[in-house]
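S.K.: Could you work out the structure for the sequence below:
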Amino acid sequence: MGDHGPAQGFGRWLFTTNHKDIGSMYLWFSFAMFLMGGVFALVIRAELFQPGLQLVEPEFFNQMTTMHGLVMVFGAVMPAFVGLANWLIPMMVGAPDMALPRMNNWSFWILPFAFALLTSTLFMEGGGPNFGWTFYAPLSTTYAPPSVTYFIFAVHIMGASSIMGSINIIATILNMRAPGMTLMKMPLFVWTWLITAYLLIAVMPVLAGCVTMMLMDIHFGTSFFNAAGGGDPVLFQHVFWFFGHPEVYIMILPAFGIVSAIIPTFARKPLFGYASMVYATASIAFLSFIVWAHHMFTVGMPIAGELFFMYATMLIAVPTGVKVFNWITTMFRGSMSFETPMLFSIAFVILFTIGGFSGLMLAIAPADFQYHDTYFVVAHFHYVLVPGAIFSIFAAVYYWLPKWCGNMYDERLGKAHFWLSFVGLNVTFFPMHFVGLAGMPRRIPDYALQFADFNQIASMGAFLFGFSQVFFLFIVIKTIRGGKQATDEVWESPEGLEWTIPSPAPYHTFTTPPAVK
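M.R.: So this is what the prediction gives:
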């Protein structure tokens with residue numbers, strides 16, 4: 001781009017090949033999607049505040065559940081982690097930029113169009129997708145609104161973005177590490193992303209195949225999922241979950257990398273069991289491919305299949321337990337301090353473990369017949385995803401923002417955001433365990449009277465959690481615009497592990513170049 005590059009203003013962001021710019025755009029985009037997905041969720045919780053149909057039509061309620069899931073998974077969590085990867089991986093491995101900077105730009109800029117296409121379906125004749133984020137056939141093929149075609153195209157674009165981003169990350173990590181940085185010397189965030197990128201490349205084409213088969217069934221007279229033509233709706237579930245289960249690990253592995261960077265810093269001692277963390281991450285990634293049918297215990301599979309998927313699912317608890325043990329041991333007898341990133345990380349460890357326990361309950365095939373499609377499942381995966389993925393992203397932003405913009409955030413405001421989020425999260429999702437075990441089905445806009453109290457509590461918690469995130473937006477903007485100057489150290493790290501290798505600052509980073517200081 002030359003000394004100052006040809007593009008100024010908006011053009012700079014449109015044409016940028018700089019990993020820091022692209023990382024920032026991913027993060028802002030994902031936050032916008034997070035707020036949008038949150039609004040969809042609040043529509044759901046407002047409808048469920050009391051029994052009876054009051055605010056929205058059941059059809060629109062179904063569109064909200066679908067869009068909330070799709071936007072949060074593909075629009076909020078994944079782009080946020082890719083944004084963090086863009087910002088941090090070149091710096092952590094000592095590379096001047098990502099390996100394929102132009103493709104990096106392209107993989108970001110197709111995302112806003114994908115999500116514009118996806119949200120536009122809400123305004124189409126017949127309404128948006130109304131079949132849940134898992135879009136099971138034949139509901140999504142035979143009985144789907146016309147807008148499903150646009151939804152399929154949007155999913156293809158998101159998948160292309162993910163695959164390109166992953167190729168870029170793998171190429172950067174394998175080819176551009178600083179001399180002397182062996183694989184087993186890389187920060188764990190780099191390791192978790194390397195493994196995540198391989199997962200993405202493996203499963204995104206499966207999702208593409210899945211939605212392509214849907215497209216064929218809808219428009220070209222095939223019968224992949226149509227029993228009348230010799231197809232099988234259960235085939236859809238197999239194909240979808242073969243993508244979908246590794247996908248949920250794609251949304252948690254980078255989080256493991258983040259807390260593995262933060263906990264040692266605020267415990268002021270090195271991470272316990274580095275090698276075991278790497279092997280545990282790889283084990284989780286491998287096992288994620290052989291457990292997909294635990295989402296399908298109720299389809300009538302043979303008992304041998306149920307047993308295999310039950311035991312394989314329980315096996316994932318072993319490497320996950322290793323990681324939790326290592327984080328706790330890292331904190332044990334450390335000289336701990338409780339700044340905002342550490343609070344989010346500790347909450348991550350505790351609440352993610354709770355989500356893991358309810359996951360073990362769901363892994364038990366005969367018990368799953370009772371839990372399946374109840375609010376207990378909703379409680380389980382939100383306890384994994386919100387404290388798991390979302391809290392770790394918050395932790396990462398508070399932890400690295402001073403390095404990104406040169407200003408320190410306000411610690412009191414950060415802690416206030418943490419406690420509001422923490423209380424809101426638990427008030428929202430813990431009662432869902434109870435109504436789920438009592439038999440309340442998920443994705444239903446109305447419910448029996450006995451579930452009213454817990455639903456009311458959950459809805460109040462959801463609004464608390466939702467509005468806390470607007471407060472987070474305020475904190476981030478306030479920090480970027482000014483505030484106490486961040487020191488060179490920022491956090492006193494035990495071995496200076498986090499930023500040993502700075503990447504050359506491009507002409508337009510936020511920080512002042514060293515020479516000017």
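S.K.: Spell out, range by range, the helices that occur in the stretch 1-150 of the chain.
M.R.: 10-15, 19-47, 58-70, 78-93, 101-120, 148-175 (DSSP state H, counting those that start in this stretch).
S.K.: of all these, which lies closest to residue 426?
M.R.: Of all the helices of the stretch 1-150 of the chain, helix 19-47 sits nearest to residue 426, with 14.8 Å by C-beta to C-beta. From N, CA and C alone the C-beta is placed, and that goes for glycine too.
S.K.: Next, please give the residue ranges for the strands of this structure.
M.R.: In the chain, no strands are defined using DSSP state E.
S.K.: Break it into its domains for me.
M.R.: 21-224, 252-505 (automatic domain parsing).
S.K.: Compare those and say which comes out lowest on pLDDT.
M.R.: Ranked by mean pLDDT, the domains of the chain end with domain 252-505 in last place, scoring a mean of 94.
S.K.: Can I get the helices of the stretch 1-150 of the chain in a markdown table including mean neighbour count and distance to residue 201?
M.R.: Listed next are the helices of the stretch 1-150 of the chain as a markdown table, based on neighbours: other C-beta atoms under 10 Å; distance: least, C-beta to C-beta, whole Å:
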| stretch | mean neighbour count | distance to residue 201 |
| --- | --- | --- |
| helix 10-15 | 13 | 27 |
| helix 19-47 | 21 | 18 |
| helix 58-70 | 21 | 21 |
| helix 78-93 | 26 | 13 |
| helix 101-120 | 18 | 13 |
| helix 148-175 | 21 | 5 |
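S.K.: Of those helices, which is nearest residue 458?
M.R.: Short answer: helix 19-47, nearest of the helices of the stretch 1-150 of the chain by C-beta to C-beta, at 6.7 Å.
S.K.: Give me the angle between the closest one and helix 58-70.
M.R.: 150 degrees (axes from the mean of the first three to the mean of the last three C-alpha atoms, to 10 degrees).
S.K.: Quick one: list the elements packing against helix 19-47.
M.R.: In terms of contacts (3 or more C-beta pairs under 8 Å, 6 or more residues apart in numbering; DSSP states H and E), helix 19-47 is packed against helix 10-15, helix 58-70, helix 78-93, helix 101-120, helix 391-405, helix 452-481.
S.K.: Make JSON lines out of the domains of the chain and add distance to residue 237.
M.R.: JSON lines is the format used below for those (distance: least, C-beta to C-beta, whole Å):
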{"stretch": "domain 21-224", "distance to residue 237": "7"}
{"stretch": "domain 252-505", "distance to residue 237": "5"}
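S.K.: now the helices of the stretch 1-150 of the chain as CSV including distance to residue 472?
M.R.: Shown next, in CSV, are those (distance: least, C-beta to C-beta, whole Å):
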stretch, distance to residue 472
helix 10-15, 22
helix 19-47, 8
helix 58-70, 19
helix 78-93, 13
helix 101-120, 21
helix 148-175, 24
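S.K.: give me every residue that touches residue 429.
M.R.: Neighbouring residues of residue 429 by C-beta atoms under 8 Å, 6 or more residues apart in numbering: 378, 379, 382, 383, 386, 458, 461.
S.K.: Closest to residue 86 out of these?
M.R.: Of the contacts of residue 429, the one sitting nearest to residue 86 (C-beta to C-beta) turns out to be residue 386, at 23.4 Å.
S.K.: Could you find the closest non-adjacent residue to the closest one?
M.R.: Nearest residue to residue 386 in three dimensions, chain neighbours excluded: residue 425, at 5.5 Å (C-beta to C-beta, 6 or more residues apart in numbering).
S.K.: quick one: that neighbour and residue 462, what's the gap?
M.R.: Noted for residue 425: a distance of 9 Å to residue 462, by C-beta to C-beta, to the nearest Å.
S.K.: Okay, the residue nearest the centre of the chain and residue 15: tell me how far apart.
M.R.: Nearest to the mean C-alpha position of the chain, by C-alpha atoms, centre = their mean, lies residue 77 at 3.0 Å. When distances are taken as C-beta to C-beta, residue 77 and residue 15 turn out to be 27 Å apart.
S.K.: Residue 195 now?
M.R.: Taking C-beta to C-beta, one finds residue 195 at 32 Å from residue 15.
S.K.: Can you give me the buried ones in stretch 260-271?
M.R.: Applying a neighbour-count criterion of 16 or more other C-beta atoms under 10 Å, one finds 260, 261, 262, 263, 264, 265, 266, 267, 269, 271 buried in stretch 260-271.
S.K.: one step back: right, and the residue nearest to the centre of the chain touches residue 388 too?
M.R.: No - with contacts counted by C-beta atoms under 8 Å, residue 77 stays clear of residue 388, the gap being 9.3 Å.
S.K.: Overlap in contacts, these two.
M.R.: residue 251.
S.K.: quick one: the closest residue to residue 472 other than its chain neighbours and residue 346, what's the gap?
M.R.: Nearest residue to residue 472, sequence neighbours excluded (C-beta to C-beta, 6+ apart): residue 417, at 5.1 Å. Separation of residue 417 from residue 346 (C-beta to C-beta) stands at 15 Å.
S.K.: Between those two, tell me which one has more neighbours.
M.R.: Per other C-beta atoms under 10 Å, whichever of residue 417 and residue 346 has more neighbours is residue 417, with 25 against 22.
S.K.: ok, that one - contacts?
M.R.: 340, 394, 468, 471, 472, 475.
S.K.: And for the residue nearest to the last one when sequence neighbours are not counted, the neighbour number?
M.R.: Just to be clear, that refers to residue 475. In space, residue 475 comes closest to residue 413 once its chain neighbours are excluded; the distance is 5.0 Å by C-beta to C-beta, 6+ apart. Neighbour count of residue 413, defined by other C-beta under 10 Å: 16.
S.K.: quick one: residue 404 and residue 87 touch, right?
M.R.: Yes - here residue 404 reaches residue 87: they are 6.8 Å apart, a contact under C-beta under 8 Å.
S.K.: any common contacting residues for these two?
M.R.: With C-beta under 8 Å, 6+ apart, residue 404 and residue 87 have common neighbours 20, 24.
S.K.: Could you identify the longest helix within the protein?
M.R.: helix 188-219 (DSSP state H).
S.K.: Which other helices and strands does that one contact?
M.R.: helix 78-93, helix 148-175, helix 233-250, helix 253-267, helix 274-287.
S.K.: Put together a markdown table for these, with distance to residue 204 on each row.
M.R.: Putting those into a markdown table (distance: least, C-beta to C-beta, whole Å) gives the following:
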| stretch | distance to residue 204 |
| --- | --- |
| helix 78-93 | 11 |
| helix 148-175 | 4 |
| helix 233-250 | 7 |
| helix 253-267 | 15 |
| helix 274-287 | 15 |
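S.K.: Of all the domains of the chain, which one is nearest residue 234?
M.R.: domain 252-505 (5.1 Å).
S.K.: State the distance from residue 131 to residue 45.
M.R.: 20 Å.
S.K.: tell me which of the buried residues of stretch 260-271 is nearest to residue 107?
M.R.: residue 261 (24.3 Å).
S.K.: Settle this for me: the closest one is touching residue 189, isn't it.
M.R.: Yes - assessed by C-beta under 8 Å, residue 261 is found in contact with residue 189 at 5.4 Å.
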